[in-house]
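Enquirer: Fold the following for me, if possible:
(chains A and B)
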Amino acid sequence: MTAPVLSVRDLAVHFGGVTALAGVSFDVAPGSVTALIGPNGAGKTTAFNAITGFLRPSRGTVLYRGAPLTGLRPPEIARRGVVRTFQRTSVFPALSVLDNVRTGLHLRGSAGLWAILAGAPRVRAEEARLDAEARAILAFVGLTHRAHEPASALPYGEQRLVELAVALAAGPALLLLDEPAAGMTGAEKAAVSALIQRIRAQGVTVLLVEHDMRLVMGISDTVIVLHHGAVIATGPPAEIQAHPEVIRAYLGAARAPAGLGRG
Amino acid sequence: MSARRLRPRAAAWAVVGLAAATAPAWLPSPYHLHILIMAGIFAVLAQSLNLLLGYTGQLSLGHAAFFGLGAYTSALLTLRLGWPFWAALPAAAVVAGLAGGAIGRLAFRLRGAYFVLVTISFAGVIALVAQNWMELTNGPLGLPGVPPPELGPWSFRSKAAYYYLVLAAVALAWGVTARLVRSRIGRALVALRENEPLAESIGVDATRYLVLAAVVSATMAGVAGSLYAHYTRFVSPEVFLFTYTVTMVVMVVAGGKGTLSGPLVGALLFTALPEALREAVSWQWQMLAYGVILVLLVFFLPRGIVPTLAARLARARVPAPVADGAPGALLSEAGPAERPGRR
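Expert: As a prediction, this is how the structure comes out:
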């Protein structure tokens, strides 16, 4: 196996006396789709927050392409190519769908204050380029027909696509998706699943948290199972589905095992 | 954007531009021109506050401090050091901008209510300094005799000449704000207003962009302060009055925050309104009538005058292209009216 794009080593997060993550280690292989699963409260979103700088871990390191991410703030982590989405739908509500994506392209522009105030021709050229990129990303996620509608006016499933488009606009090399299919209809889930595969085909490594087991098992190369803040299993989907400890964890949490996830 | 859709807007702008350019000729008296000049100075101030309040969503309740700093800097440099106005004006802008940067850096570690508190305290401190540093500011007596600007053989002593100077400043403030909010910097500012965690996750450095907005905003307020000082030719600690800040906020909110023309409409309306009320009703009723009008405006046009009108116009206009058939291409051009126009 080639060097992992992301290495999480002994990552721990404590909230007061509560342990959300108790020293978790895992690797994400470049170009893979890796899923982080586990019952509610297993620490999946906490891990995302700690990796992307939204939360300072109590212990442990996160290495991205060999360099530590720990201690960096979210914008700096995004600049390095690690971009995340949020569990609860998160868009720029008052902006049009196109402007959401345009805003997401922040890191792909470079125009500074003086050039902008002077109306420099290269600023205009950059705006034209960003506009074209935004439209291409909208086409990629299939939202071209919604381009000029306010993001908040879109149905739930499409808002999640806007969110995905905004994250893609930031130009990730490693994309962290927090429950991208939560609350979606079956057809929407299939579309998102296909979309994630197309994102991977473009060379983006994907780490996702998801409750829908059919989706997870369908697109993941590696599945990591978290339970009570610790990794209890890692492996390809088929292995995980048969893993006795995983089945126990899910049944113990009064959840259906593989194939019948939440939502 | 098609030429057909642009034309009414361009026509409206041509009318406004022509009316503004010829105002000294058709206004009935110097008194009216005076009101228009004050409205212009307040339009620069309102636009400056709008950049913060309307686009980043942060409320500065100490904006009069930047205005006052600009006024005092410009007055002192011309009176004490004999600087020409044309050097004092940029200096006033720089001093106010630096103060804006310092306050922003301090205050944006904490957002929202804390930012509001820091800006209020800052204005309070600056006002106290102006009141008590007798040697520099002449204290409550103020600084009389601030010279009017001169440019070669021309003097801006006349109201008509000063009006054009202020008009140029309004246009400049507009241009700066327009360029900024339609750029990637403007999108970053709006992103912070709309959803800060998402903005940070796509690489927008919150502190950096908020401080940048505070600097540009304070710089514009400093320019307005300088223009005020050389127009009234007198600066006293009254420039720091909280009333000025409140007036600015009213102008921005009632006109329409987060729009380019809202603060301008608000500045015109709320400079002219007290004067009109003074003529229309006896003094006891002036402030009451002002208050009632303000409450009615907020009640019936909560988003502000400009956004409400723009939404009405858009609603009146949208059905037309739908009726033409060919929905896809045409509809995609009919974005919400307040979106900044694309070239």
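Enquirer: Could you see whether chain A lies near whichever strand or helix holds B:Tyr231?
Expert: Using DSSP states H and E, B:Tyr231 falls within helix B:206-232. Yes. If you take Cβ under 8 Å from any Cβ of the partner chain as the test, helix B:206-232 does meet chain A, through B:Ala206, B:Leu212, B:Val216. (Glycine included, C-beta is placed from N, CA and C.)
Enquirer: There's contact between the last one and B:Val176 in this structure, I believe.
Expert: Yes. Distance between B:Val216 and B:Val176: 7.1 Å, which falls inside the contact criterion (Cβ atoms under 8 Å).
Enquirer: more crowded one of the two?
Expert: The neighbour comparison of B:Val216 against B:Val176 (other Cβ atoms under 10 Å in any protein chain shown) goes to B:Val216, with 23 against 19.
Enquirer: Do me a favour and get the backbone dihedrals for B:Trp154.
Expert: With angles defined as degrees, to the nearest 10, B:Trp154 sits at phi -90, psi 140.
Enquirer: Alongside chain A, which residues does the stretch 51-200 of chain B contribute?
Expert: Neighbours of chain A within the stretch 51-200 of chain B, by Cβ under 8 Å from any Cβ: B:176, B:179-180, B:183-185, B:187-188, B:190-191, B:194-195, B:197-200.
Enquirer: Tell me how far the helix holding B:Tyr231 lies from the chain's centre.
Expert: Offset of helix B:206-232 from its chain centre (Cα atoms, centre = their mean, to the nearest Å): 9 Å.
Enquirer: helices or strands next to that helix in the packing?
Expert: Here helix B:206-232 touches helix B:30-50, helix B:63-80, helix B:85-107, helix B:159-181, helix B:184-194, helix B:196-201, going by 3 or more Cβ pairs under 8 Å, 6 or more residues apart in numbering or on different chains; DSSP states H and E.
Enquirer: With mean pLDDT as extra columns, can I get those helices in TSV?
Expert: Putting the helices and strands packed on helix B:206-232 into TSV (pLDDT from 0 to 100) gives the following:
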stretch	mean pLDDT
helix B:30-50	94
helix B:63-80	94
helix B:85-107	93
helix B:159-181	94
helix B:184-194	95
helix B:196-201	95
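Enquirer: so of the ones you listed, which one's packed in deepest?
Expert: helix B:63-80 (a mean of 27; mean count of other Cβ atoms under 10 Å in any protein chain shown).
Enquirer: elements contacting that one?
Expert: Against helix B:63-80 (3+ Cβ pairs under 8 Å, 6+ apart) you get helix B:30-50, helix B:85-107, helix B:113-132, helix B:134-137, strand B:143-144, helix B:206-232, strand B:234-235, helix B:242-255.
Enquirer: let's see 7 Å
Expert: If you count contacts as 3 or more Cβ pairs under 7 Å, 6 or more residues apart in numbering or on different chains; DSSP states H and E, helix B:63-80 packs onto helix B:85-107, helix B:113-132, helix B:206-232, strand B:234-235, helix B:242-255.
Enquirer: Which of those sits closest to A:Ala167?
Expert: helix B:206-232 (17.9 Å; Cβ to Cβ).
Enquirer: closest to A:Gln202 out of the helices and strands packed on helix B:63-80?
Expert: Comparing the helices and strands packed on helix B:63-80 by Cβ to Cβ, helix B:206-232 comes nearest, at 29.1 Å.
Enquirer: got the buried residues for that closest one?
Expert: Of the residues in helix B:206-232, B:206, B:209-232 count as buried by neighbour count, 16 or more other Cβ atoms under 10 Å in any protein chain shown.
Enquirer: Quick one: mean pLDDT over it.
Expert: Taken as a whole, helix B:206-232 has a mean pLDDT of 95.
Enquirer: so how many other residues sit close to the closest residue to chain B within the stretch 151-263 of chain A?
Expert: When scored by Cβ to the nearest Cβ, the stretch 151-263 of chain A has A:Ala170 as its residue closest to chain B, at 4.1 Å. Other residues near A:Ala170 come to 23 when the count uses other Cβ under 10 Å.
Enquirer: Dihedrals phi and psi, it?
Expert: phi -70, psi 0.
Enquirer: Could you report the pLDDT at B:Arg111?
Expert: 76.
Enquirer: Check what pLDDT the residue lying closest to it once chain neighbours are set aside gets.
Expert: With sequence-adjacent residues excluded and distances taken as Cβ to Cβ, 6 or more residues apart in numbering or on different chains, B:Arg111 is closest to B:Gln58, at 6.8 Å. For B:Gln58, the pLDDT comes out at 90.
Enquirer: now B:Gln58: how far from A:Glu126?
Expert: Noted for B:Gln58: a distance of 27 Å to A:Glu126, by Cβ to Cβ, to the nearest Å.
Enquirer: same deal with B:Phe67?
Expert: For B:Phe67 relative to A:Glu126 (Cβ to Cβ), the value is 34 Å.
Enquirer: next one: B:Gly258
Expert: Using Cβ to Cβ, we find B:Gly258 at a distance of 24 Å from A:Glu126.
Enquirer: More neighbours: which of those two?
Expert: Neighbour count, other Cβ under 10 Å: between B:Gly258 and A:Glu126, B:Gly258 has more, with 23 against 20.
Enquirer: The more buried one: what's it in contact with?
Expert: Applying Cβ atoms under 7 Å, 6 or more residues apart in numbering or on different chains to B:Gly258 gives the contacts B:Gly54, B:Tyr55.
Enquirer: tell me the SS of it?
Expert: coil (DSSP: H, G, I helix; E, B strand; the rest coil).
Enquirer: how about it, phi and psi?
Expert: When read as degrees, to the nearest 10, the backbone of B:Gly258 gives phi 80, psi 10.
Enquirer: so which of the residues of helix B:206-232 next to chain A comes closest to chain A?
Expert: B:Leu212 (6.7 Å).
Enquirer: State the pLDDT value of B:Val129.
Expert: 93.
Enquirer: Pull the residues that contact stretch B:58-73.
Expert: With Cβ under 7 Å, 6+ apart, stretch B:58-73 has contacts from B:45, B:49, B:52-53, B:91-93, B:95-96, B:99-100, B:111, B:115-116, B:119-120, B:122-123, B:126, B:130, B:137, B:210, B:218, B:221-226, B:228-229, B:235, B:239-242, B:244-245, B:248.
Enquirer: neighbours around the closest residue to B:Gln131 other than its chain neighbours, how many?
Expert: Nearest non-adjacent residue to B:Gln131, counting by Cβ to Cβ, 6+ apart: B:Pro237, 4.9 Å away. Residues near B:Pro237, counting by other Cβ under 10 Å, number 21.
Enquirer: what's B:Pro237 in contact with, if anything?
Expert: Counted by Cβ under 7 Å, 6+ apart, B:Pro237 has contacts B:Ala127, B:Ala130, B:Gln131, B:Pro140.
Enquirer: Throw the residues you listed into a markdown table and include neighbour count, thanks.
Expert: As requested, these are exported to a markdown table (neighbours: other Cβ atoms under 10 Å in any protein chain shown):
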| residue | neighbour count |
| --- | --- |
| B:Ala127 | 20 |
| B:Ala130 | 26 |
| B:Gln131 | 14 |
| B:Pro140 | 12 |
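Enquirer: Sweet, I'm off.
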